[in-house]
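Asks: please work out how this folds:
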Amino acid sequence: MIDRIWFGHSRLYLLLLPFSWLYGLITWLIRFSYRSGLRAAWRSPIPIVVVGNLTVGGNGKTPIVIWLVEQLKMRGFQVGVVSRGYYGKSGKYPLILSHYTKPEEAGDEPVVIFQRTGVPVAVAPKRKEAIKALLKKYPLDLLIADDGLQHFALKRDFELVVIDGIRRFGNACLLPAGPMREKITRLHSVDAIIINGGEAKKEEILMQLRASKAVNLVTGEKKPVEELISVIAMAGIGHPDRFFIMLAQLGVNIIKTQIFSDHQHYTLSILLPLAKKSQSLCMTEKDAVKCKAFAQTNWWYLPISADFPFVQSQKLLASIEELCHRIC
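Replies: Modelled structure (predicted):
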């Protein structure tokens with residue numbers, strides 16, 4: 001229903017517009033309070049790159065964070081990542097991730113980032129507390145804030161916005177009448193705009209998501225995903241159809257698809273009935289980190305990576321590198 005209102009042609013959004021105006025007013029007041037000095041935004045002693053979006057839902061931030069970390073590491077930078085840790089609940093904050101940290105504690109996306117990159121990752125409702133914890137323990141040159149575009153309490157040195165290239169901004173209304181966290185005009189003040197799929201406009205950088213080999217959750221075996229037999233595909237992400245379309249384009253024999261809510265909490269009793277022993281249950285990496293404790297031998301996940309045009313990607317990285325040298 002919500003997708004139909006936000007991205008379809010339903011006019012039911014008109015009933016929600018008064019709430020959107022209230023949301024917009026509150027957001028403007030919060031941002032104005034920091035810009036005017038009524039509230040003090042905190043400045044990190046090392047550069048902060050924020051990766052965020054203007055809409056709710058999965059736009060592809062996590063693959064971009066991973067790509068940035070890997071690229072900057074190759075350029076000699078010591079990189080850390082901070083996050084709010086949505087849908088994670090820890091007994092204490094800030095929480096610095098380790099190999100024993102569970103998604104229920106830190107959130108699924110920070111765990112994926114930590115496991116893929118191996119760099120220091122910390123989560124806290126107040127990002128500055130996560131940053132302070134990392135800097136106390138690690139000699140870092142640069143920090144990437146995952147999904148912190150609207151966290152005005154944290155000053156940032158570089159803002160990167162991710163946009164779903166297929167759905168874009170829907171009806172362009174603020175929450176709850178539309179999917180927007182901020183107005184589209186916010187794009188005028190950011191440093192880089194990345195488009196996930198679709199067609200990039202002028203000044204936008206096109207990103208394509210590339211799939212790696214499927215990985216078995218129990219054994220760690222890797223094989224081309226198209227070799228999986230009788231696949232039941234499941235996804236608990238912001239835009240699950242993107243995952244299913246990718247599998248179909250790779251030639252996967254999909255018997256059935258199953259959609260879960262974003263950040264879904266899984267149990268064995270929920271997932272076991274989805275696939276028979278003779279079938280393969282294929283999921284996203286974000287889902288997989290929450291299932292490894294009770295995974296079955298016919299469960300697989302598909303890692304994906306961000307891919308960019310060479311010239312544009314090198315220009316983006318050069319801008320961040322120049323920023324680091326200037327500030328440091």
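Asks: so, low pLDDT: which residues of this protein?
Replies: For the chain, the stretches with pLDDT under 70 are 1, 328.
Asks: list the buried residues in the helix or strand harbouring residue 6.
Replies: Taking DSSP states H and E as the definition, residue 6 sits inside helix 2-7. Residues of helix 2-7 classed as buried by neighbour count (16 or more other C-beta atoms under 10 Å): 5, 6, 7. Heads up, the C-betas are built off the backbone N, CA and C, glycines and all.
Asks: using the three-state scheme, assign residue 245.
Replies: helix (DSSP: H, G, I helix; E, B strand; the rest coil).
Asks: that one: how many residues sit nearby?
Replies: 13 (other C-beta atoms under 10 Å).
Asks: cool, and residue 14?
Replies: 12.
Asks: in which helix or strand does it reside?
Replies: Assigned by DSSP H and E, residue 14 falls in helix 13-35.
Asks: helix or strand right after that helix?
Replies: strand 48-52.
Asks: buried residues, whichever helix or strand comes after that following strand. List them.
Replies: Downstream of strand 48-52, the next assigned helix or strand under DSSP H and E is helix 61-74. Within helix 61-74, the residues that qualify as buried are 61, 62, 63, 64, 65, 66, 67, 68, 69, 70, 71, 72, counting by 16+ other C-beta under 10 Å.
Asks: check which element follows helix 61-74 along the chain.
Replies: strand 79-83.
Asks: that following strand pairs with which strands, parallel or anti?
Replies: strand 121-123 (parallel), strand 142-146 (parallel) (DSSP bridges).
Asks: and the protein, what are its domain boundaries?
Replies: Split into domains by automatic domain parsing, the chain comes to 2-208+308-327, 213-302.
Asks: any idea how far apart the tips of the longest one sit?
Replies: By that I understand domain 2-208+308-327. 43 Å (C-alpha to C-alpha, to the nearest Å).
Asks: show me the contacts for the residue lying closest to residue 73 once chain neighbours are set aside.
Replies: In space, not counting the residues next to it along the chain, residue 73 is nearest to residue 79; the distance is 5.9 Å by C-beta to C-beta, 6 or more residues apart in numbering. Residues near residue 79 by C-beta atoms under 8 Å, 6 or more residues apart in numbering: 68, 69, 72, 73, 119, 140, 141, 142, 143, 144.
Asks: ditto for residue 305
Replies: Residue 305 neighbours (C-beta under 8 Å, 6+ apart): 63, 66, 67, 209, 210, 212.
Asks: same question for residue 130.
Replies: So residue 130 contacts 82, 83, 93, 94, 95, 122, 123, 124 (C-beta under 8 Å, 6+ apart).
Asks: distance to residue 167 for those residues - can I get that in JSON lines?
Replies: Converted to JSON lines, the contacts of residue 130 look like this (distance: C-beta to C-beta, whole Å):
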{"residue": "82", "distance to residue 167": "28"}
{"residue": "83", "distance to residue 167": "24"}
{"residue": "93", "distance to residue 167": "33"}
{"residue": "94", "distance to residue 167": "34"}
{"residue": "95", "distance to residue 167": "33"}
{"residue": "122", "distance to residue 167": "31"}
{"residue": "123", "distance to residue 167": "28"}
{"residue": "124", "distance to residue 167": "31"}
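Asks: quick check, nearest of these to residue 235?
Replies: Closest to residue 235 out of the contacts of residue 130 is residue 83 (20.8 Å), distances taken as C-beta to C-beta.
Asks: kindly state the beta-bridge partners for the residue nearest to that closest one when sequence neighbours are not counted.
Replies: Excluding the flanking residues, the one nearest residue 83 by C-beta to C-beta, 6+ apart is residue 146, at 4.2 Å. For residue 146, the beta-bridge partners under DSSP bridges are residue 51, residue 83.
Asks: touching, residue 146 and residue 86? I think so.
Replies: No. Counting by C-beta atoms under 8 Å, residue 146 sits too far from residue 86 to count as a contact (9.6 Å).
Asks: now do the strands in the stretch 151-300 of the chain.
Replies: 158-164, 192-196, 204-211, 214-216, 222-223, 231-235, 254-259, 280-284, 299-302 (DSSP state E, counting those that start in this stretch).
Asks: closest to residue 104 out of those?
Replies: Set against residue 104 and scored by C-beta to C-beta, the strands of the stretch 151-300 of the chain come closest in strand 280-284, at 17.2 Å.
Asks: the closest one vs strand 231-235, what angle?
Replies: Per axes from the mean of the first three to the mean of the last three C-alpha atoms, to 10 degrees, the angle that strand 280-284 makes with strand 231-235 is 30 degrees.
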